[in-house]
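> Below is the structure, and that's it, no one-letter string:
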């Protein structure tokens with residue numbers, strides 16, 4: 001069991017508007033976009049022909065990988081899976097329905113902090129990826145968006161998987177861990193309407 005840390009709510013079925021607001025705010029206000037292009041390039045550099053996208057939601061990464069000729073299977077439990085490109089499998093991230101070593105790569109983007117024990121998913125990713133393959137994960141810092149600390153729920157509270165503990169958790173499963181940090185202003189919020197959308201995506205009503 002991962003030590004300490006709370007969970008971010010996995011409320012995508014109960015509150016799909018929050019998920020949509022988060023994706024829209026990232027698309028409109030991020031200076032660099034999301035991590036998806038970085039992950040796609042890494043899989044391409046490592047000649048990964050097949051990838052499982054764990055917790056892949058509505059398939060943003062799968063579409064980008066498909067555009068680059070990478071066969072991708074999306075796995076998720078949420079209703080958003082209906083919007084993902086096929087093949088898509090409704091399954092638990094801690095018990096993937098695939099044989100050992102059947103993928104060249106695995107991704108778990110923006111999802112491990114929803115789980116009480118992220119190590120279970122990391123071990124499953126390791127199991128289904130061939131020797132020498134690539135597992136790509138990402139998360140945010142518990143201290144993200146300090147300007148909004150007074151209004152963001154749980155700001156500064158440790159999560160089960162965040163930038164402060166991710167390297168240690170990954171090192172407990174994988175021999176080679178390569179951490180890429182984005183420590184800079186990444187989002188421009190131009191006006192009140194933009195701030196409202198951004199905060200909606202971060203969990204406010």
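Thanks, I have the structure now. Note that the structure is a prediction, hence the values are computed from the model and not measured.
> which one's the longest strand in the protein?
Longest among the strand segments of the chain by residue count, using DSSP state E, is strand 129-138.
> Test my guess that residue 125 contacts residue 136.
No - here residue 125 does not reach residue 136: they are 9.3 Å apart, not a contact under CB atoms under 8 Å. Every residue, glycine included, has its C-beta placed from N, CA and C.
> before we move on, back to that, list of residues touching the longest strand of the chain?
Outside strand 129-138, the residues within contact range by CB atoms under 8 Å, 6 or more residues apart in numbering are 35, 39, 42-43, 46, 48, 52, 101-110, 112, 122, 125-126, 161, 166, 170, 174.
> residues touching residue 62, list them.
If a contact means CB under 8 Å, 6+ apart, then residue 62 has 53, 56, 72, 74, 84, 85, 88 as its contacts.
> Take these and write them to a markdown table, including distance to residue 182 and pLDDT.
A markdown table is the format used below for these (distance: CB to CB, whole Å; pLDDT from 0 to 100):
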| residue | distance to residue 182 | pLDDT |
| --- | --- | --- |
| 53 | 21 | 98 |
| 56 | 21 | 96 |
| 72 | 24 | 98 |
| 74 | 24 | 98 |
| 84 | 26 | 95 |
| 85 | 27 | 96 |
| 88 | 29 | 97 |
